[in-house]
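K.L.:
I would like the atomic coordinates for the input below:
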Amino acid sequence: MNPQQPAKTSTGPGSTAPPALKELACAASGEVLHLLQTDPGGLSSVEVQRRLLDWGPNALRAHKANPWRVLLRQLGSPILLLLIITAGISLFLGDRTNSVVIGVILLVSVGLGFSNEYRAELAAEALHSSVRHRAVVVREGAEISVDVVELVPGDIVRLTLGAVVPADMRLLSATDLLCDEGILTGESLPAVKDPAPVTGTAALADLSSCIFMGTIVASGTCTGVVAATGGRTEFGRIALALGERHPQTEFQRGLKKFSYLLLQVAVVLTTLILIANLLLRRPLIESLLFSLAIAVGITPQLLPAVVSTCLAAGTRALAKRKVLVKRLVCIEDLGDMDVLVTDKTGTLTDGRIKFLEAIPADSTFPANAVNVLGLLATESDLGHGATGAAGANSLDAALWESPAGRSWDPKSYRRLDLVPFDHRSRMTTVLIDDDGGNRQMIVKGAPEDVLKCCTGVPASARTALDAQFDVGARVVAVASRSARGLESLKDADRTGLALAGFLSFLDKPKISARESLTQLSKLGVSVKVATGDNARVAEKVCNDLGLDYGKTLIGVEIEAMGDDELRAAVGGTGIFARVSPEQKARLVAMLRTSGRSVGFLGDGVNDALALHGADVGISVDSGADVAKDAADIVLMDKDLGVLADGIMEGRRIFANTIKYVLMGTSSNFGNMFSAAAASVVLSFLPMLPGQILLNNLLYDTGQLAIPGDRVDPEQLRAPSHWNIAFIRRFMLTFGPISSLFDFATFALMLFIFHAAPGEFRAGWFIESIATQSLIIFAIRTRRVPFLRSRPSGGLLLATVGVVAVGTYVPLSPLGGFLGFDPLPLPFFLALLAMTGLYLVLVEIAKKQFFARAAEPDLAPVPRTAEHHIHSRAARFSAPARSLRRFHSR
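P.N.:
The predicted structure follows:
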């Protein structure tokens, strides 16, 4: 909008609503602007604010940590709720001491879980708030970059290759525009788009003059006017219908299955205990409290808190390594990755391109003339010479920075027309006049493509080109012809060219890349290179770095392959050369459908499509805005070593979560089973309900140090997946060992020390807290504990501290209040011997257990369309408060 013009009339809820997209699709561009009350100069800032107030932010998701939701999750266990109700009934019936003890312990337990999980949610909210997705908008006659959530109907938006369409838009202009609408229509081929009005009645998929929120610009550029935002878009309706909750990842599904497994065990065990105690004519409330306390002891109450703490700690650890994770769940995806597709420049090479020399096609053409033609065929501003090369591509920038480029004066030349480089032709073409009135067309680009446009190429030129490729140089060919009478350029004009020569550049292999590639190989990550460069140059770099790449495929070969043929070929191929942006995205798709978890590392506009399609899109802070916008993870340094650290962090989180899981299925389960069995045999309860809950609280508190524990290198060598059969086998192996020593403690207390109920409970309380806490040092590693695998200092201190507190409580002044009686000194000597024997037996069983052939990990379940919709919708996110009054409309 022109600043002198009055602000447009509001189009918010209090006035006329924007016209339907189908109506706009059939209207001419001028009429569309009139209907939306805007013009090519865009809206004024005042009008934008008015429309933003009327229609709300262009958002589909809210990011705010909700303490009440976290608290409800903590209280959501039906067993926990039933225990609270039963404790209340017990208090009403007069058992005040036991009820107060149970209430206090439950309050502390819930508070512990709540504080850890809520802190993790606050970390996620801060992470989400730090990420911004932006769009180029015309406002008040000038192009500016704004957050996508600030777009309003009537905004004029410009989009380029790889951009995610930020709203439903009516096209005003477009060049070679294709849009990937698969997220809406399920179609695998991109849709052709054109600003011409649609005639007649058309289905949504046939509105070729419109582009839709959440789709991707697969080719070309365009300018459009925003017709609908937020939940009023086609994509928005789908995303809102799915709800805020993101579908579960494979990691989360595994947690759920594990929780169900323990819940089933808890329900069966609790029911049997309750029936048995009632048959023994014990009081109903006492029996119910005991049974429910056993159930709470078995169920992993702090598992969500442990997982959330792991993820939040992982995010902080990655931030210290200069890795920005946009969403917490991306850490899990990073750990699952087993294939990395990466570009070459700046990743395997230094990324500092240096111009080497100009090589004439024959002796009749001087090298300096090849230089001049190369400089003329750049996309930078000729009038400013070397100073106008800012923002040029890396090869042109290196040419201008060379001594020949800095000393050359372009003032005697005038550019008449320019066809910029594109990934289909891989050439730049210019039409140039000089002071002598000579007009010529100059073409510069990939040698393979330029040579096809040339006639009479000498054999010596081809020999010189091969020699450059053999030494790993990046080569650009330059050709020209007279263009007398030509006023503008078309693709068909690039014929009959005379080869002038070649421009040779060098980008040295990165010294640190060899070590990084070795590290990724040890992590089980297969590295594949997708580059727009020549195949032989890519092969030379990979050979210099020791990367075993197998086969090489070039773009024309990929283009000729069907999906099945390409899917079969990608596994054994390590270099994909001269590939277009669409081919990169296709390669990623073929690897994913082969069952691989694929990461893609790229930093250019031509990488955006592949970044969107990968399981984990990775870009760098110095990359193009559209690439960073498409990525899930942004590296502050373009270094494969940093990426390897991120993969290890993702796998470390899974490994530490599994430690907590295996703890719950071994000694903890064994202790609860022992209590259940003893309650049937003994004339008194082996432990009071409050004592069981205190034992469980102390145990869980110690396990909160697990997220910071060290992980053995062999646990990081490959992605791990949930295997419930393995967990069940672990439980049936180590649970009985724990119960065996519990029964030994029972015998010791009854037959050696002739313990009264208070002494019995105190003895078993101390023994159970010692065995189920100390076993973490055996379970956390397949190696010999301490000698070959040291735990973290935090875990060591937490575990020893819990055992010390657990030993002190029955002996403290609180002991009597909790139902404990003092123990004789010989008991502690016996306890020391039994605990040592228990840990030795666990070590022997561990070796035999892992010596057996383990059940194979299940392959990860491929992501569904629902996952992609939620992930795409996450970029349209605003604070919860700003959305409440708009999504109800």
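
K.L.:
can you pull out the helices in the stretch 651-800 of the chain?
P.N.:
667-681, 689-703, 724-747, 757-774, 776-779, 793-808 (DSSP state H, counting those that start in this stretch).

K.L.:
which helices and strands does the helix or strand following the last one pack with?
P.N.:
Read it as helix 793-808. Going down the chain from helix 793-808, the next helix or strand is helix 814-818, by DSSP states H and E. When contacts are defined as 3 or more C-beta pairs under 8 Å, 6 or more residues apart in numbering; DSSP states H and E, helix 814-818 packs onto helix 96-130, helix 689-703. (Glycine included, C-beta is placed from N, CA and C.)

K.L.:
can you tell me which of those helices the model trusts least?
P.N.:
Among these, helix 96-130 carries the lowest mean pLDDT, at a mean of 69.

K.L.:
And the residue nearest in space to the middle of the chain, how close does it get to Ile633?
P.N.:
Against the mean C-alpha coordinate of the chain, by C-alpha atoms, centre = their mean, the closest residue is Cys330 at 2.5 Å. For Cys330, the distance to Ile633 equals 6 Å [C-beta to C-beta, to the nearest Å].

K.L.:
overlap in contacts of these two?
P.N.:
Val616 (C-beta atoms under 8 Å, 6 or more residues apart in numbering).

K.L.:
Run through who's touching stretch 310-323.
P.N.:
Here stretch 310-323 makes contact (C-beta under 8 Å, 6+ apart) with 119-120, 123-124, 127, 324-325, 328-329, 331-332, 633-637, 642-643, 645-646, 649-650, 652-653, 656-657, 706-708.

K.L.:
Can you add distance to Pro458 and give the helices of the stretch 651-800 of the chain back as TSV?
P.N.:
TSV is the format used below for these (distance: least, C-beta to C-beta, whole Å):
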stretch	distance to Pro458
helix 667-681	80
helix 689-703	75
helix 724-747	67
helix 757-774	80
helix 776-779	72
helix 793-808	71
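
K.L.:
Dump these to JSON lines, plus mean neighbour count.
P.N.:
As requested, the helices of the stretch 651-800 of the chain are exported to JSON lines (neighbours: other C-beta atoms under 10 Å):
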{"stretch": "helix 667-681", "mean neighbour count": "23"}
{"stretch": "helix 689-703", "mean neighbour count": "25"}
{"stretch": "helix 724-747", "mean neighbour count": "18"}
{"stretch": "helix 757-774", "mean neighbour count": "25"}
{"stretch": "helix 776-779", "mean neighbour count": "22"}
{"stretch": "helix 793-808", "mean neighbour count": "17"}
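
K.L.:
out of those helices, nearest to Thr573?
P.N.:
Distance to Thr573, taken as C-beta to C-beta, is lowest for helix 724-747 among the helices of the stretch 651-800 of the chain, at 33.7 Å.

K.L.:
helices or strands next to the closest one in the packing?
P.N.:
helix 250-279, helix 640-664, helix 667-681, helix 757-774, helix 825-851.

K.L.:
Mind telling me which of those helices the model trusts least?
P.N.:
helix 250-279 (a mean of 76).

K.L.:
quick one: the helix or strand that that helix is followed by to helix 667-681, angle?
P.N.:
Moving toward the C-terminus from helix 250-279, the next helix or strand (DSSP H and E) is helix 284-298. If you take axes from the mean of the first three to the mean of the last three C-alpha atoms, to 10 degrees, helix 284-298 sits at 160 degrees to helix 667-681.

K.L.:
buried set for helix 284-298?
P.N.:
285-298 (16 or more other C-beta atoms under 10 Å).

K.L.:
how about those residues in a markdown table, adding pLDDT and distance to Val800?
P.N.:
Shown next, in a markdown table, are the buried residues of helix 284-298 (pLDDT from 0 to 100; distance: C-beta to C-beta, whole Å):
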| residue | pLDDT | distance to Val800 |
| --- | --- | --- |
| Ile285 | 80 | 37 |
| Glu286 | 79 | 34 |
| Ser287 | 82 | 36 |
| Leu288 | 79 | 35 |
| Leu289 | 78 | 31 |
| Phe290 | 81 | 30 |
| Ser291 | 82 | 32 |
| Leu292 | 76 | 30 |
| Ala293 | 77 | 26 |
| Ile294 | 79 | 27 |
| Ala295 | 74 | 29 |
| Val296 | 73 | 25 |
| Gly297 | 72 | 22 |
| Ile298 | 72 | 25 |
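
K.L.:
Which two of these have the greatest separation?
P.N.:
Farthest pair in the buried residues of helix 284-298 (C-beta to C-beta) is Ile285 and Ile298. Separation: 20.7 Å.

K.L.:
Turn the helices and strands packed on helix 724-747 into CSV, including distance to Thr378.
P.N.:
Formatted as CSV, these follow (distance: least, C-beta to C-beta, whole Å):
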stretch, distance to Thr378
helix 250-279, 48
helix 640-664, 31
helix 667-681, 69
helix 757-774, 69
helix 825-851, 62
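
K.L.:
nearest to Glu401, of these?
P.N.:
So among those, helix 640-664 is nearest, using C-beta to C-beta, at 26.7 Å.

K.L.:
Now do the closest one against helix 689-703, angle only.
P.N.:
Relative orientation of helix 640-664 and helix 689-703, computed by the same axes, to 10 degrees: 160 degrees.

K.L.:
which ones are touching the closest residue in space to Phe746 that isn't next to it in sequence?
P.N.:
Here the nearest residue to Phe746 in space, its sequence neighbours aside, is Ala678; by C-beta to C-beta, 6 or more residues apart in numbering that works out to 6.1 Å. If you count contacts by C-beta under 8 Å, 6+ apart, Ala678 has them with 686, 742, 746.

K.L.:
what's the spacing between Ala678 and Leu289?
P.N.:
16 Å.

K.L.:
I'd like to know which of the helices and strands packed on helix 724-747 lies nearest to Ala358.
P.N.:
helix 640-664 (33.1 Å).

K.L.:
Helix 250-279 and that closest one, what's the angle between them?
P.N.:
10 degrees.

K.L.:
Mean pLDDT per helix and strand in the chain: which one sits at the bottom?
P.N.:
Across the helices and strands of the chain, mean pLDDT, DSSP states H and E gives its lowest value to helix 865-873, namely a mean of 62.

K.L.:
And stretch 739-757, how far out from the chain middle?
P.N.:
52 Å (C-alpha atoms, centre = their mean, to the nearest Å).

K.L.:
what's the answer for stretch 230-242, then?
P.N.:
23 Å.
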